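Engineer: sequence and predicted structure are below.
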Amino acid sequence: MHNLVARLQARDPAALAELYDAMSRRAFGLAMRVIGDEAASADVVQEAFVWLWEQADRLDARRGRAEGLLMTIVHRRAIDAARRRQRLTARTRPVEDADLLADAEGEAEPDVDERQYAAIRASFPTLPAEQRLVLEQVYFLGLTQTEVAATNGVPLGTVKSRLRLGLEKLRASVLAAPR
């Protein structure tokens, strides 16, 4: 890989192909270790090569080799992708009705259920209007999240976030209710 940085700066496609042949498997392996998903890892590796090609004029051979820079880019992008996936999973995890009403010791007694329902009924009006509307449409009208998004003219992700936040607030009120 003689004078690879200079060749990349000269926009020599053979230099990029040479770097790809030499580094793509290692880059993919690194991304897989960080992310654990083949498709996402392949995307990260592709993004890293594209970035390196597009930013080739900014490379400086005195600061290191292109291979090291590539692996640094892959590592950072893989970490970013893993964090995005983690946040997305946390935001879109459905909160089950049972999660709202589950007793820490197992099956709830009837009077405990009534206190929990009372806590939910008392907390429902205190929710922000957007969250309350989404909860009403999903739980009382039986609309899907996609239907709620279309009905209200908001993105599906917004509906999911409002639903999750509303359910979390109701759950907190149940957990705070006297037992």
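Structural biologist: Yep, it's here.
Engineer: just for this protein, where's the confidence low?
Structural biologist: For the chain, the stretches with pLDDT under 70 are 1-2, 90-112, 179.
Engineer: so which other helices or strands are in contact with the longest helix along it?
Structural biologist: Longest helix in the chain, counting residues (DSSP state H): helix 66-92. The elements that helix 66-92 packs onto, with contact taken as 3 or more Cβ pairs under 8 Å, 6 or more residues apart in numbering; DSSP states H and E, are helix 4-9, helix 13-35, helix 38-54, helix 156-176. All C-beta atoms are positioned from the backbone trio N, CA, C, and that covers glycine.
Engineer: CSV please, covering those and showing mean neighbour count and distance to residue 84.
Structural biologist: Listed next are the helices and strands packed on helix 66-92 as CSV, based on neighbours: other Cβ atoms under 10 Å; distance: least, Cβ to Cβ, whole Å:
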stretch, mean neighbour count, distance to residue 84
helix 4-9, 18, 28
helix 13-35, 17, 10
helix 38-54, 17, 9
helix 156-176, 18, 13
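Engineer: any chance of those helices in JSON lines, plus distance to residue 61?
Structural biologist: Below are the helices and strands packed on helix 66-92 laid out as JSON lines (distance: least, Cβ to Cβ, whole Å):
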{"stretch": "helix 4-9", "distance to residue 61": "4"}
{"stretch": "helix 13-35", "distance to residue 61": "12"}
{"stretch": "helix 38-54", "distance to residue 61": "14"}
{"stretch": "helix 156-176", "distance to residue 61": "43"}
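Engineer: between those, which gets nearest to residue 65?
Structural biologist: Proximity to residue 65 (Cβ to Cβ) singles out helix 4-9 among the helices and strands packed on helix 66-92, at 7.3 Å.
Engineer: what's the domain layout of the chain?
Structural biologist: For the chain, the structural domains run 4-92, 97-176, going by automatic domain parsing.
Engineer: find the centremost residue of the chain, please.
Structural biologist: Geometric centre of the chain, nearest residue: residue 88, 2.6 Å, by Cα atoms, centre = their mean.
Engineer: is it true that residue 122 touches residue 173?
Structural biologist: Yes. If you go by Cβ atoms under 8 Å, residue 122 and residue 173 touch, sitting 7.1 Å apart.
Engineer: buried ones in the longest helix of the chain?
Structural biologist: Of all the residues in helix 66-92, those buried under the rule 16 or more other Cβ atoms under 10 Å are 66, 69, 70, 71, 73, 74, 75, 77, 78, 81, 82.
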